[in-house]
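[1] how would this look folded up:
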Amino acid sequence: MTYIKTKWSTSLNQPVRADLLNKIEAELEVISNAAYTGGVGLKGDKGDRGAPGGKGFPGANGSDGSDGLDGDSAVIDWSHYIGNSKYQNTTTVIATGDVLEYTYEPTTTTVYRHITTAVTGLYPTEDAFYSGFNGVSLSNLIVGR
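    Presented below is the predicted three-dimensional model:
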């Protein structure tokens, strides 16, 4: 192992105080000894990015016979609906809470989000999407949170 000694100076090319120089040299020696005795070395460069994975299985056909998802996933959960739906600025208040009208973007169909005024802890008792709403009651639950 080769040890390199150097004189340290500040950015103004002024000598470093003796106590700091001793501390720096001691740290360099500790690092050098650790590397020499099999200690942890310096972190290497990042490796190349791996090849992309294959395409997922196609989604199942829906009950209406429509095609499944684009091969990414057959799981449609609440997060999927909230992320793929656009609020239409229409809210109806019913006895159990609010019904918000959304457009589900993948199929451009109207869906209704029901958020109850009743809560469990900090969250509504129900936060769910339905496909039917007659102005008073909801029908055909799609997915709940």
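
[2] contacts and neighbour counts: CA atoms only from here.
    Fine.

[3] Domain parsing of the chain, as residue ranges.
    Split into domains by automatic domain parsing, the chain comes to 1-42, 78-144.

[4] Worst mean pLDDT among those domains?
    Note on the domains of the chain: domain 1-42 shows the lowest mean pLDDT, a mean of 54.

[5] So what does G83 look like in phi/psi?
    Note on G83: its backbone torsions stand at phi -80, psi -20 [degrees, to the nearest 10].

[6] how many neighbours does it have?
    By other Cα atoms under 10 Å, 10 other residues sit near G83.

[7] Could I get the contacting residues of it?
    Counting by Cα atoms under 8 Å, 6 or more residues apart in numbering, G83 makes contact with nothing.

[8] One more: the one 10 residues further on?
    Contact criterion Cα under 8 Å, 6+ apart gives V99 as the residues in contact with V93.

[9] Give the phi and psi angles for it, as a check.
    Backbone torsions of V93, given as degrees, to the nearest 10, read phi -90, psi 130.

[10] now it: how far from P124?
    Shown here: V93 relative to P124, a distance of 15 Å by Cα to Cα, to the nearest Å.

[11] G144 now?
    From G144 to P124 the distance is 11 Å (Cα to Cα).

[12] ranges for the strands of the protein?
    85-94, 97-104, 109-116, 119-120, 123-124, 127-133, 138-144 (DSSP state E).
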